[in-house]
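Novice: Take a look and give me a structure for this.
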Amino acid sequence: MKGQLFEMFGFLLLSIAIIGIIVLIRLYVVGGYGKTLQTLAERYESEDLKAGVNSIFFSTEPKTGKKLSELLGIAAYTRKKDIDFGPIIGTVDIVKELEWRFDALYGKGKWYLKVPPPKITTIQVLIILDTSASLCDDIEDIRNNLPGIIENLRDRYNIFATIYMLPGGQLK
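Specialist: Numbering: from 1, shown residues only. You can find the predicted model right below:
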């Protein structure tokens, strides 16, 4: 009888120890692993977007041998989407060049680019914001304060401002 009692008590202690180990593993190892995967997924999405945009703007247009960022700069400066490189190279439509690349990377209708700007001004301000988890708590402040800042600048200077909010999080 005494041996059976010690055996049952030993089994009870072993069961409690195993349950405790399972709870600790669940709380510390699996919980941290889940958070790490979420952080990695958010970083991957953000880095994927940056890498995609950079790869497009730093890719070379085959007819001219110029980077698309250079061609976009020329188009913005001349305020024309068609850039004429003479009779040998011909005309390059920067909008079409960018469109097919962005459509292939992000999908048709999931991006926006306007060249040239709709209003000719002395100063052009381009603000690009991501809406990933790291910025989501600031979105409300940006929404409330940034338009006022831009209006104050417009009162003093001849500026045109464009704000782009890139996908990557939930807007409130």
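
Novice: So this protein: which segments form each domain?
Specialist: Listed domain ranges for the chain are 1-36, 52-115, 117-172 (source: automatic domain parsing).

Novice: looking only at pLDDT, what's the mean for the shortest one?
Specialist: Right, domain 1-36. Across domain 1-36, the average pLDDT comes to 75.

Novice: where does this protein have its least confident helix or strand?
Specialist: helix 31-57 (a mean of 65; mean pLDDT, DSSP states H and E).

Novice: Beyond that helix, next helix or strand please.
Specialist: helix 68-78 (DSSP states H and E).

Novice: Now do stretch 138-154: distance to the chain's middle.
Specialist: With Cα atoms, centre = their mean, to the nearest Å as the basis, stretch 138-154 stands 21 Å off its chain's centre.

Novice: That one: which residues count as buried?
Specialist: Buried positions in stretch 138-154, judged by neighbour count with 16 or more other Cβ atoms under 10 Å: 139, 142, 150. Just so you know, the C-beta spots here come from the backbone N, C-alpha and C atoms, and that holds for glycine as well.

Novice: Can you tell me which of those residues end up in helices?
Specialist: 139, 142, 150 (DSSP state H).

Novice: Look up which helix or strand I127 falls in, please.
Specialist: Assigned by DSSP H and E, I127 falls in strand 123-130.

Novice: tilt between that strand and helix 68-78?
Specialist: Strand 123-130 runs at 140 degrees relative to helix 68-78, counting by axes from the mean of the first three to the mean of the last three Cα atoms, to 10 degrees.

Novice: For strand 123-130, which strands pair with it and how are they oriented?
Specialist: Paired neighbours of strand 123-130 in the sheet (DSSP bridges): strand 159-166 (parallel).
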